[in-house]
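**Q** Model the following, please.
(2 chains)
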Amino acid sequence: MSNISFTDEEIISDLLKGGKAFEDMSMYVFNSYKGFIYKVNDKLHLPTEDINDAYADSLVKCIQKIKDHTFRGESKLSSYFYSIFYHTAVDVSRKNTSNRNKDIVEIHEYDARERDLMELFEIKDRSNEVVKLMGAMGHPCKKILLDWAYYGYKMDEIANRANLKNAETARSMKYKCLKKLKQIIATKLGLNV
Amino acid sequence: MSEKDESYYIDQIDAYLSGTLSQIDKQAYDDAINQNPSLRDKIESHIIARSAIRGAGEQDLKSKFLKELTTKKHISTNRKRSPLPYLLFLLAIAILFLIALQIYNRSVSESAVNYDPIAVSEVEDPSYTLLRSQDETSITSTWESAIQSFVNKDYNTCLSLLDSLNENAQFISDHNGKYTLMKGVSNLKIEEYKNAEKILLTIDEENPYYDQAKWYLALTSYYNNDITIAKLRLNTISQDLQHYKKSEASHYLKSME
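**A** This is a model prediction of the structure:
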């Protein structure tokens, strides 16, 4: 795959398809933009761990911007990514110099569509409480929920990946796992579900 | 409100989050929530659940990227300065050096052409000034005529006149260097190489004209196609720091390689 070149439209199309196309294209983008690591770090001189983290973080952000349709193709995807990456790396650099002795507080970030819905339904932003909610889920449930809601695999593919009998079994498992997660959330946030 | 109805509203939320639905019908939701207030909590928990799954998914994808970066050692800490600029600089220096060397070699080569033994020997015959005697009174008309013939490149006449002086031992003794040199070079010019060599070899190291004799001996060997001896003689001259033809001898040697 690394020897093949894709247009921005093809990249976006595959990322929105989900499933294996999403995973393959994510790795393609990862490999295609690696050169930016050198370019950015020639300016910022971050430690390897930090620049790598910033790169991985920026790729994930960029992919999510494509998924939630924030990126509308008004610029080249590579330029768009570079902008995200550079600013993320600058943030890391600033944190390194100004907050050297402070603990890093992990905060959950909502994407554009989630924020739309939260505003629509007047849902209170409780980012800190959302962090690590998935940590309470066991491996099979976590994998099934990720495959379904994040990677975008179809039910028959999820069944195959999780060694389940068939798509119906996978759907049933997903329902149970999601219900379990919602109960955890309801308990934590005091909701009536 | 049945569970099926609730699923409809939840599915709408999923469709919006996945991008397949562009807009949520807020009024329909408001109506549904008015009928079933618990639906609001269910929607909230679902949105938060989806957000939590997405966040976990992003962490999962990020960890895959980081794993790729670390296990395959794609990236070094701070990129080592590319050696390319330095290599290009060195390459430029090397090219300039080679160009300079080429120009030098060409000029040397051209010099070698200019210093072709034939041409040089023609222009560098022992000069009239060199050959004529300082003692005007002792100069016989024969000696003057011999020199004049030599300068006029009439070497046969010159040799005849010099031979006629052979009987005057005192004159020959007083002018041994000049006499022998002119005789040797004249033989060289008329291509009597063996005679030229024999005569020039008689000029010993003590003679002030010894250096010139060595030079014309080298030329004699060269013209006689005795290249090995010519090279040896030129080599001797080229290594003699004091010899007046040192640099020329070096050039000749190079041109003969």
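**Q** how many other residues sit next to the residue in the stretch 101-250 of chain B that chain A sits nearest to?
**A** Residue nearest to chain A within the stretch 101-250 of chain B (Cβ to the nearest Cβ): residue B:101, separated by 37.2 Å. To be clear about C-beta, it is placed using only N, CA and C from the backbone, and glycine gets the same treatment. Neighbours of residue B:101 under the rule other Cβ atoms under 10 Å in any protein chain shown: 10.
**Q** Which pLDDT does the model give it?
**A** Looking at residue B:101, its pLDDT stands at 87.
**Q** next one: residue B:201
**A** 91.
**Q** Touching, it and residue B:214? I think so.
**A** No. Taking Cβ atoms under 8 Å as the definition, residue B:201 is not a contact partner of residue B:214, at 9.9 Å.
**Q** what's near enough to touch residue A:173?
**A** Remark: with contacts taken as Cβ atoms under 8 Å, 6 or more residues apart in numbering or on different chains, residue A:173 is in contact with A:140, A:141, A:144, A:162, A:164.
**Q** Secondary structure element holding it?
**A** helix A:167-189 (DSSP states H and E).
**Q** re earlier: helix, strand or coil: sort out the residue of the stretch 101-250 of chain B closest to chain A for me.
**A** helix (DSSP: H, G, I helix; E, B strand; the rest coil).
**Q** Tell me, how many residues neighbour the spatially closest residue to residue A:125 that is not a sequence neighbour?
**A** What sits nearest to residue A:125 in space, not counting adjacent residues and going by Cβ to Cβ, 6 or more residues apart in numbering or on different chains, is residue A:118, at 6.7 Å. If you count neighbours by other Cβ under 10 Å, residue A:118 ends up with 17.
**Q** same question, residue A:150
**A** By other Cβ under 10 Å, neighbour count at residue A:150 equals 22.
**Q** Now do the contacts for it.
**A** Residue A:150 neighbours (Cβ under 8 Å, 6+ apart): B:53, B:54, B:56, B:57, B:58, B:60, B:61.
**Q** Just list the residues touching residue A:58, thanks.
**A** The contact partners of residue A:58, taken as Cβ under 8 Å, 6+ apart, are A:81, A:84, A:85, A:88, A:89.
**Q** the helices in chain A, which residues?
**A** A:8-17, A:19-32, A:35-44, A:48-67, A:77-98, A:112-120, A:127-130, A:139-145, A:155-161, A:167-189 (DSSP state H).
**Q** Out of these, which one sits most buried?
**A** Of all the helices of chain A, helix A:48-67 carries the top mean neighbour count, a mean of 22, counting by mean count of other Cβ atoms under 10 Å in any protein chain shown.
**Q** and the direction of that helix versus that of helix A:112-120, what angle?
**A** 70 degrees (axes from the mean of the first three to the mean of the last three Cα atoms, to 10 degrees).
**Q** Pull the distance from helix A:48-67 to the chain's centre.
**A** Taking the mean of its C-alpha atoms, helix A:48-67 sits 9 Å from the chain's own mean (Cα atoms, centre = their mean, to the nearest Å).
**Q** and the residue of the stretch 51-200 of chain B nearest chain A?
**A** Ranking the residues of the stretch 51-200 of chain B by distance to chain A (Cβ to the nearest Cβ) places residue B:57 first, at 2.5 Å.
**Q** For that residue, grab the count of nearby residues.
**A** 22.
**Q** try residue A:18
**A** Residue A:18: 20 neighbours (other Cβ under 10 Å).
**Q** same thing with residue A:138?
**A** 9.
**Q** That one and residue A:130, how far apart?
**A** Here the criterion is Cβ to Cβ, to the nearest Å. By it, residue A:138 lies 19 Å from residue A:130.
**Q** now do residue B:52
**A** From residue B:52 to residue A:130 the distance is 5 Å (Cβ to Cβ).
**Q** Quickly list what's touching both of these two.
**A** In contact with both residue B:52 and residue A:130: residue A:108, using Cβ under 8 Å, 6+ apart.
**Q** Could you find the residue nearest the spatial middle of chain A?
**A** The centre of chain A sits closest to residue A:60, judged by Cα atoms, centre = their mean, with a distance of 4.9 Å.
**Q** Is it correct that it is in contact with residue B:61?
**A** Yes. In this structure residue A:60 lies within contact range of residue B:61 using Cβ under 8 Å: 5.4 Å.
**Q** Now do the same for the nearest residue to residue A:21 once chain neighbours are set aside: its pLDDT.
**A** Among residues not flanking residue A:21 along the chain, residue A:14 sits closest, at 4.2 Å (Cβ to Cβ, 6+ apart). Per-residue confidence at residue A:14 stands at 95 (pLDDT).
**Q** between the helices of chain A, which one is nearest to residue B:90?
**A** helix A:35-44 (22.0 Å; Cβ to Cβ).
**Q** rewinding a little: so which of residue B:201 and residue B:214 has more stuff around it?
**A** Taking other Cβ under 10 Å, residue B:201 and residue B:214 do not tie; residue B:214 has more neighbours (22 against 14).
**Q** so which helix or strand takes in that one?
**A** helix B:210-223.
**Q** Show me which residues of that helix are buried.
**A** For helix B:210-223, the neighbour count (16 or more other Cβ atoms under 10 Å in any protein chain shown) marks B:211-223 as buried.
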